[in-house]
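[1] Give the three-dimensional model of this entry:
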Amino acid sequence: MKLGKQWKIAISATILGNIFSFFVLFGPAERLNIDVLNVFMPSTQTSDDIVIVAIDETSFSAFETQWPWPRELHGMLIERLVEEGARDIIFDVVFAEPSEPDSDGYFADAISNAKNVILASDLTAVDDGFMTGVIETRPYVDFEEAGARVGLAGVDQDNDRVIRYFPSFEGTLSSVAAQHNQVPEERSKIISYIGPDHSFEYVSYYQFFIDDGIEPGSIQDKYVLIGLDVKATPDVQQSQVDAFPTPHTRFNAKLSPGVEVHANMLQNLVNENWISNPPTEQKLLFLGLMALVGFLATQTFNPLYSAGILLFTGIGAFGASILTWQNGYFLSAFAAFPSYIICFVASGAHAYLTEGKQKRQIKGAFAQYLAPDMVDALIADPEKLTLGGEKRTMTIMFCDVRGFTAISEALKEQPEVLAEVINTLLTELTNDILECGGTIDKYMGDCIMAFWNAPVENPKHAELAVEAAQKMMKTIYKVNDKISAQGTLSFDLRIGIGVATGECVVGNMGSKQRFDYTVLGDVVNLASRLEGQTKGYGITTVLCKNTAAAVKNKPELILEIDKIRVKGKKDPEVIFGLLESGASSEEINAVDSYLEGFRTGNLEKSFSSLEKILAQKESAVYSYASLMKNRIDELSKTKLPENWDGVYTAETK
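    From the prediction side, this is the model:
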């Protein structure tokens, strides 16, 4: 697999991001993940077999007595619950100290008769100078001797004080009631809450002491938990109310009564639908897999592609987390998100500082002589620009202004007007080149050099160059009109265009101190020579044979006009003219007849063919025929050499 340009920064960010995530952000991300899943995917198991008897403000008002209430009151509640058929009676209240003997006796007798009472104990930290440790505060001994089972009421609070996990100690209230003897390892079991606070069925304590206070059968064979449900602690010796934050607190800012936390744990144990929290090794394996995805998504950085991959896998991971949660397993999808963000930000910043700089350099270098869409193509794929030069078949164009010397002479007292004229002309001609996908190589006074098929490849480069030449031949008339409309001066500007196609070298050429993106090769010289020959043929644009061969859909506009040996070259070149208007079949046949006679040395035949064209001054090749007639006249005077090969040797560039 080929690695992208950002692979070093991506792998560094992945490693550092995962280390940072695991040691700093893993806990908060995992806690958020648990809370979200608990809120949006609550336990689907029924809670109808659990009822909470609330020691609430209404009951305090009804009994008009302070806490702790007389224990015979709790004894009478046990008797009522037994009458209603309660399965287990679970007090989330610690009765550690003796009270009035008669009251304690009544309570103990009720416990003994019920035989299904569970009382709470608690763990207390001790550090009195003689002993340090944790001791269990158990119920008053008379109550245990009466047959009460005992379960620890303590809970394990997370770092943010939220209750998310089952306690990691033996004999809790819920485990004793559910007769679940397995002691979980620390944070190995996650509580699957059935909903926010007061999701279970609540019955106010006092309702058991009034007529028709509860519906008949509503307690039958159910677990009944008795505990505080007040906004302020009724016990002056306790500073904290018996209510705790749960996963829902993050979203509704409400605490759940401690007795309801035990009800949720009991419901999980009875239905065996708690959520297993995997060991650290499995979490690290998952993080490693997600880190690999993060690396692959950002090692070749593209904002949309990278963000799309990370978002897609993130959503997929969360979806997997939902599925596993429904099946009793916690997959910490959120734990990988911080690493994703770090990878994306780091790779994006590095790409902006490196590739972004490269793209800005490309835009600055090419914007002046490339069409905007070609600049965008280079920015999207800088590898299309090979530094140092590469061989490529290209089409080269030279365009020069005819009679520029005379124009300069006329405006020698007004150089600023001359500059304005040339700028207007070059701007319009440049637009034609860029619109046809050409690249401006350079301006040389009144001359433009351009090329096609670099830096962005285009197999139709020859056709595009010819299309640009056609536009330029029309543009020159518009420029003349535009210049005339701007002032009192009027010029009949004309241009000559030479176009050649062939293999050359393109790339950054020059010295280490300064270089340009340009082309080198024989075809460049040929295009320059062809431009120089346009005035000798009366045709604005002259093409080489390779260019003409590539453009097959313009037979009436492109016709062979000569076979010449340009100055500086030994090998002859067949050249073609690109006409401004289409030639008729008779005119084309006449030109072909002229060339045939000329190349065989039959000057009379050539002259006769040209006469047919010159008889029509509106002919598309009239100027060409007129100049060729002059050539025949001169050759007739000097006579053809004995070794005549039909090739005209150009004496000028």
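[2] Where does the record place the domain boundaries for this structure?
    The record's domain split for the chain, according to automatic domain parsing, is 7-27+278-353, 45-272, 383-551, 582-653.
[3] Select the longest strand from this structure.
    Taking DSSP state E as the assignment, the strand of the chain that covers the most residues is strand 494-510.
[4] Extract the C-alpha set from the following helix or strand past it and format it as PDB.
    Beyond strand 494-510 on the C-terminal side, the first helix or strand identified by DSSP states H and E is strand 515-520. Taking only C-alpha atoms (Å, rounded to 0.1, in the frame of the first residue of the first chain), the coordinates of strand 515-520 have been written out as PDB:
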ATOM      1  CA  PHE A 515      13.800  29.300 -13.200                       C
ATOM      2  CA  ASP A 516      10.600  29.300 -15.300                       C
ATOM      3  CA  TYR A 517       8.200  26.600 -16.200                       C
ATOM      4  CA  THR A 518       8.800  26.300 -20.000                       C
ATOM      5  CA  VAL A 519       9.400  24.000 -22.900                       C
ATOM      6  CA  LEU A 520      12.500  23.000 -24.800                       C
END
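[5] buried ones in strand 515-520?
    Under the neighbour-count criterion of 16 or more other Cβ atoms under 10 Å, strand 515-520 has Y517, T518, V519 buried. For the C-beta atoms, the positions are set from N, CA and C on the backbone; glycine is no exception.
[6] and the last one, how far is that from V551?
    Put plainly, it is V519. When distances are taken as Cβ to Cβ, to the nearest Å, V519 and V551 turn out to be 20 Å apart.
[7] So what does E651 look like in phi/psi?
    Dihedral angles of E651 (phi, psi; degrees, to the nearest 10) stand at phi -90, psi -10.
[8] from what I can see it touches V566, true?
    No - taking contacts as Cβ atoms under 8 Å, E651 lies outside contact range of V566: 10.3 Å.
[9] of the two, who's got more company?
    Ranked by neighbour count (other Cβ atoms under 10 Å), E651 and V566 place V566 first, with 24 against 7.
[10] How about the contacts made by that one?
    Residues near V566 by Cβ atoms under 8 Å, 6 or more residues apart in numbering: L526, R529, L530, Q533, E573, A650, K653.
[11] What confidence value was assigned to it?
    Residue-level confidence at V566 comes out at 84, pLDDT.
[12] Tell me the spacing between it and L635.
    With distances taken as Cβ to Cβ, V566 is found 19 Å from L635.
[13] hmm, back to that, now distance to L266 and pLDDT too, for the buried residues of strand 515-520, in a markdown table please.
    Shown next, in a markdown table, are these (distance: Cβ to Cβ, whole Å; pLDDT from 0 to 100):
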| residue | distance to L266 | pLDDT |
| --- | --- | --- |
| Y517 | 77 | 78 |
| T518 | 83 | 86 |
| V519 | 84 | 92 |
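[14] Out of these, which comes closest to P216?
    Nearest to P216 among those: Y517, at 94.3 Å, using Cβ to Cβ.
[15] Mind jotting down where the helices sit in the stretch 351-500 of the chain?
    Under the criterion DSSP state H, counting those that start in this stretch, the stretch 351-500 of the chain contains helices at 355-366, 372-380, 404-410, 415-435, 461-486.
[16] swap in the stretch 101-250 of the chain?
    With DSSP H, counting those that start in this stretch, the ranges of helices along the stretch 101-250 of the chain come out as 101-114, 141-145, 173-178, 249-252.
[17] Report the buried residues of the shortest one.
    This means helix 249-252. Residues of helix 249-252 classed as buried: T249, R250 (neighbour count, 16+ other Cβ under 10 Å).
[18] List the strands paired with whichever helix or strand comes after it, with their directions.
    Tracing the chain past helix 249-252, the next element assigned as helix or strand by DSSP H and E is strand 256-257. Strand 256-257 sits in its sheet next to strand 243-244 (antiparallel), going by DSSP bridges.
[19] so which strand or helix has the residue nearest the centre of the chain?
    Centrality entry for the chain: nearest residue to the mean C-alpha point is L304, 2.3 Å, by Cα atoms, centre = their mean. Using DSSP H and E, the element containing L304 is helix 303-326.
[20] Okay, buried residues for that helix please.
    Buried residues in helix 303-326, defined by neighbour count with 16+ other Cβ under 10 Å: S306, A307, I309, L310, T313, G314, A317, F318, S321, I322, T324, W325.
[21] what's the answer for stretch 203-214, then?
    In stretch 203-214, counting by 16+ other Cβ under 10 Å, buried: V203, S204, Y205, Y206, Q207, F208, I214.
[22] And the average pLDDT for it is what?
    Stretch 203-214 shows a mean pLDDT of 94 in the predicted model.
[23] distance between the ends of that stretch?
    Stretch 203-214 has an end-to-end distance of 8 Å (Cα to Cα, to the nearest Å).
[24] N546 and V519, how far apart?
    15 Å.
[25] actually S619, not the one I wrote
    Distance of S619 to V519, given as Cβ to Cβ: 36 Å.
[26] Next, the distance between the ends of stretch 60-70.
    Separation of the first and last residues of stretch 60-70 by Cα to Cα is 12 Å.
[27] Enumerate the positions of that stretch that are buried.
    By 16+ other Cβ under 10 Å, the buried positions in stretch 60-70 come out as F60, F63, W69, P70.
[28] circling back: which of the contacts of V566 are buried?
    Judged by neighbour count, with buriedness set by 16+ other Cβ under 10 Å, the buried members of those are L526, R529, L530, Q533, E573, A650.
[29] Helices - which of these land there?
    L526, R529, L530, Q533 (DSSP state H).
[30] From what I see, the last one and A500 are in contact.
    Right, the one you point to is Q533. No - with contact taken as Cβ under 8 Å, Q533 and A500 are classed as non-touching, separated by 11.5 Å.
[31] per-residue confidence for I309?
    As predicted, I309 sits at a pLDDT of 80.
[32] likewise T534?
    93.
[33] now swap in K482 and tell me
    The confidence metric pLDDT takes the value 82 at K482.
[34] what's the neighbour count on it?
    K482 has 14 neighbouring residues, counting by other Cβ under 10 Å.
[35] A419 versus that one, what's the distance?
    15 Å.
[36] do L426 as well
    Between L426 and A419 the distance, using Cβ to Cβ, works out to 10 Å.
[37] In terms of neighbours, single out the busier of the two.
    The residue with more neighbours, out of L426 and A419, is L426; 19 against 11, by other Cβ under 10 Å.
[38] Would you confirm that V401 contacts I497?
    No - in this structure, V401 is not within contact of I497 by Cβ under 8 Å, at 10.9 Å.
[39] Comparing those two, which residue is more hemmed in?
    When V401 and I497 are compared for neighbours, I497 comes out ahead with 27 against 22, by other Cβ under 10 Å.
[40] Give me the distance from stretch 571-590 to the chain's centre.
    A distance of 54 Å separates the centroid of the chain from that of stretch 571-590, by Cα atoms, centre = their mean, to the nearest Å.
[41] Give me the distance between the two termini of that stretch.
    In stretch 571-590, first residue to last residue: 26 Å (Cα to Cα).
[42] Okay, buried residues for it please.
    When neighbours are counted by 16+ other Cβ under 10 Å, the buried residues of stretch 571-590 are found to be P572, E573, V574, I575, F576, G577, L578, L579, A583, E587, I588, A590.
[43] quick revisit: need the buried residues of stretch 203-214 in CSV with distance to T46, can you?
    Shown next, in CSV, are those (distance: Cβ to Cβ, whole Å):
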residue, distance to T46
V203, 18
S204, 23
Y205, 24
Y206, 27
Q207, 23
F208, 24
I214, 20
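[44] Of the residues you listed, just say which sits nearest to Q157.
    Looking at these and their distance to Q157, the nearest is Y205, at 26.6 Å (Cβ to Cβ).
[45] For the nearest residue to that closest one once chain neighbours are set aside, identify the helix or strand it belongs to.
    Of all residues beyond its chain neighbours, the one nearest Y205 is S59 (4.0 Å), with distances taken as Cβ to Cβ, 6 or more residues apart in numbering. Per DSSP H and E: S59 is located in helix 57-63.
[46] again, but for I15
    Since the elements are taken from DSSP H and E, I15 ends up inside helix 7-20.
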